[in-house]
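J.: Sharing a sequence plus its predicted fold:
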2 protein chains.
Amino acid sequence: MTGWLVIAGLGPGDNRMVTPEVTAALAEASDIVGYIPYVARVTPRPGLTLHPSDNRVEMDRARAALEMAAAGRRVVVVSSGDPGVFAMASAVFEALEGREDWQALDIRVFPGITAMLAAAAVAGAPLGHDFCCINLSDNLKPWEVIETRLRHAARADFAMAFYNPRSASRPEGFAKALDVLRAECGPDRLITFARAVSTAEEKLLTVTLAEAGPEMADMRTVVIVGNSATRRVGAWVYSPRRAE
Amino acid sequence: MTGWLVIAGLGPGDNRMVTPEVTAALAEASDIVGYIPYVARVTPRPGLTLHPSDNRVEMDRARAALEMAAAGRRVVVVSSGDPGVFAMASAVFEALEGREDWQALDIRVFPGITAMLAAAAVAGAPLGHDFCCINLSDNLKPWEVIETRLRHAARADFAMAFYNPRSASRPEGFAKALDVLRAECGPDRLITFARAVSTAEEKLLTVTLAEAGPEMADMRTVVIVGNSATRRVGAWVYSPRRAE
């Protein structure tokens, strides 16, 4: 029996955004590993064992998945969105460090629709020109690194997508990020708050930085800040393809 | 008869990466509009009219699609990858400027697996930490803008994904970009060339910036440059989740 490990992206929530290769891997799997709400998206069936785990135990989860694959199981590690964007792929590869036995396993990454691209699609095309993607959580890096990246991104005139903008335990970080952005980009820059895109709780709001407040985001929100040319047309927001 | 316009992403090439919502839109469409090789990915059927067009006529193509939707047709504008990343969505929204009649149409954007995320998945997880995404084509912006963005991206310690790195008509741009990157990031930084990911012509190469040459990329290549912590493990390349 030859085990394998697939690190799969389930997209933002709607099953119509799950790719057929991910659906096929889920159908062939013996074990599903992931954060509780993502594992809950997989339909139970005989022969399939679900291994939901809590948040912030990514390395334990990665090692458990690799152990099972090494033991001959067919394991899918599920992330929402894309597994390579602030999700489980990096944790699995980190768990391979120093483990030549695990490095020889059949490991594949199957991409998914990441939250910022689902959010951009609902809003229009705010990421239609050069952009950057920043995880605003300071669990894994100091605030100074985040602030430096925000300033460079603004001076590069990138559009910006922010993941994990705000948590109950660290509400002040996003308020500070908005202050930095207002100072760098001015009050009229457009900012879009896209919450729970493609689910029943989807909510979309575009305002200017002057109007933006930290309470407009929670941990289910992706935030997109336009570049200096990003504009509204009708109900939409888009970034022109050209830059001067 | 009520027309509609869907701007859809076909993913990088493999049909197993086309989302079910895109497949459903293609099945309901009366007209498919897009660049020749992308329209060629749609299976012909009775009642479906294909409108392939050449590259660099994005605005004409967008207006033609909107005209057809306004006339009651069910139109899908196809892009490879994701339509919101250096693809047709921005062109369609630009075409809405000053046209309140078109702004009232039923227009939806259906995301797809964009090339950089498909490339990252094949390589491992090089975009697993903060990153940026730059179109290196200087068709739509001057070289100075590209160079400024490269320098800010390097100083922010972003991983970087480059679309359209090199064309036959402008081979020198990518060589200049590599010079800027070597100066900013040093010779040991990892760079991955991912060509035609998920197709029969897929080719993956990771080298250091010192070893990188412009001939390693063509217009079917996505280039990913790691951040200062990006490293190899086994056959893979990944960016750790933490930054100091």
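T.: The structure has been received and is ready for your questions.
J.: any idea which element residue A:93 lies in?
T.: When elements are assigned from DSSP states H and E, residue A:93 belongs to helix A:88-95.
J.: elements contacting that helix?
T.: strand A:4-9, helix A:58-70, strand A:74-79, strand B:124-125, strand B:236-238 (3 or more Cβ pairs under 8 Å, 6 or more residues apart in numbering or on different chains; DSSP states H and E). Yep, even glycine has a C-beta here, placed from its N, CA and C like the rest.
J.: Would you mind writing the CA trace of it as PDB?
T.: The C-alpha trace of helix A:88-95 is given here as PDB (Å, rounded to 0.1, in the frame of the first residue of the first chain):
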ATOM      1  CA  MET A  88      -0.900  24.600   5.300                       C
ATOM      2  CA  ALA A  89       1.600  24.100   2.400                       C
ATOM      3  CA  SER A  90       4.400  26.000   4.100                       C
ATOM      4  CA  ALA A  91       3.800  24.200   7.400                       C
ATOM      5  CA  VAL A  92       4.100  20.800   5.600                       C
ATOM      6  CA  PHE A  93       7.300  21.700   3.900                       C
ATOM      7  CA  GLU A  94       8.800  23.000   7.100                       C
ATOM      8  CA  ALA A  95       7.900  19.700   8.700                       C
END
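J.: Now that helix: buried residues?
T.: A:88, A:89, A:90, A:91, A:92, A:93, A:94, A:95 (16 or more other Cβ atoms under 10 Å in any protein chain shown).
J.: Highest mean neighbour count out of the helices and strands packed on helix A:88-95?
T.: Among the helices and strands packed on helix A:88-95, strand B:124-125 has the highest mean neighbour count (mean count of other Cβ atoms under 10 Å in any protein chain shown), at a mean of 30.
J.: Could you list the paired strands of that one along with their orientation?
T.: Strand pairing for strand B:124-125, using DSSP bridges, gives strand B:236-238 (parallel).
J.: and the strand it pairs with, average pLDDT?
T.: Mean pLDDT, strand B:236-238: 98.
J.: what's it in contact with?
T.: Strand B:236-238 has contacts (Cβ atoms under 8 Å, 6 or more residues apart in numbering or on different chains) with A:89-90, A:93-94, A:96, A:107, B:123-126, B:128, B:190, B:192, B:206, B:226, B:230-231.
J.: ok, which stretches of chain A are helices?
T.: Here chain A has its helices, by DSSP state H, at A:20-28, A:36-39, A:58-70, A:88-95, A:100-103, A:115-123, A:143-155, A:172-185.
J.: what's in contact with the fifth one?
T.: In this structure, residues lying in contact with helix A:100-103 by Cβ under 8 Å, 6+ apart are A:66, A:70, A:95, A:96, B:233, B:234, B:235.
J.: Closest one to residue B:222 out of these, please.
T.: For the contacts of helix A:100-103, the minimum distance to residue B:222 (Cβ to Cβ) is 18.6 Å, reached by residue B:235.
J.: Enumerate the beta-bridge partners assigned to residue A:161.
T.: Beta-bridge partners, per DSSP bridges, of residue A:161: residue A:133, residue A:224.
J.: can you redo the contacts of helix A:100-103 as CSV with distance to residue B:142?
T.: Listed next are those as CSV, based on distance: Cβ to Cβ, whole Å:
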residue, distance to residue B:142
A:66, 48
A:70, 52
A:95, 44
A:96, 43
B:233, 39
B:234, 41
B:235, 39
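J.: Out of these, which comes closest to residue A:60?
T.: residue A:95 (9.3 Å).
J.: Contacts only, for the closest one.
T.: When contacts are counted by Cβ under 8 Å, 6+ apart, residue A:95 touches A:59, A:62, A:63, A:66, A:102.
J.: from memory residue A:61 sits against residue A:32, does it?
T.: No: checked against Cβ atoms under 8 Å, the pair residue A:61 and residue A:32 is beyond contact range at 11.3 Å.
J.: tell me, what's touching the two both at once?
T.: Residues touching both residue A:61 and residue A:32 (Cβ under 8 Å, 6+ apart): residue A:51.
J.: So residue A:206 is in contact with residue A:124, correct?
T.: No: applying Cβ under 8 Å, one finds residue A:206 not in contact with residue A:124, separated by 9.1 Å.
J.: related to what we said a few turns ago, now tabulate the helices of chain A in a markdown table and tack on distance to residue B:140 and mean pLDDT.
T.: Output for the helices of chain A, formatted as a markdown table (distance: least, Cβ to Cβ, whole Å; pLDDT from 0 to 100):
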| stretch | distance to residue B:140 | mean pLDDT |
| --- | --- | --- |
| helix A:20-28 | 33 | 98 |
| helix A:36-39 | 38 | 97 |
| helix A:58-70 | 39 | 97 |
| helix A:88-95 | 32 | 98 |
| helix A:100-103 | 42 | 98 |
| helix A:115-123 | 18 | 98 |
| helix A:143-155 | 20 | 97 |
| helix A:172-185 | 22 | 96 |
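J.: Ok, which of these comes nearest residue B:43?
T.: Nearest to residue B:43, of the helices of chain A and by Cβ to Cβ, is helix A:20-28 at 15.2 Å.
J.: how deep is residue A:106 tucked in, by neighbour count?
T.: 11 (other Cβ atoms under 10 Å in any protein chain shown).
J.: Residue A:171 now?
T.: Residue A:171 has 13 nearby residues by other Cβ under 10 Å.
J.: can you pull the pLDDT of residue A:168?
T.: In this model, residue A:168 is scored at 68, pLDDT.
J.: hmm, back to that, which of the contacts of residue A:95 sit farthest apart?
T.: Distances among the contacts of residue A:95 were taken as Cβ to Cβ; the most separated pair is A:59 and A:102, at 13.1 Å.
J.: From the contacts of helix A:100-103, pick the one nearest residue A:156.
T.: Closest approach to residue A:156 among those (Cβ to Cβ): residue B:233, at 30.1 Å.
J.: In JSON lines: the helices and strands packed on helix A:88-95, plus distance to residue B:115.
T.: Below are the helices and strands packed on helix A:88-95 laid out as JSON lines (distance: least, Cβ to Cβ, whole Å):
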{"stretch": "strand A:4-9", "distance to residue B:115": "15"}
{"stretch": "helix A:58-70", "distance to residue B:115": "26"}
{"stretch": "strand A:74-79", "distance to residue B:115": "20"}
{"stretch": "strand B:124-125", "distance to residue B:115": "16"}
{"stretch": "strand B:236-238", "distance to residue B:115": "16"}
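J.: Show me the one of these that comes nearest residue A:198.
T.: strand A:4-9 (13.3 Å).
J.: Name the nearest residue to residue A:118, ignoring sequence neighbours.
T.: residue A:12 (4.1 Å; Cβ to Cβ, 6 or more residues apart in numbering or on different chains).
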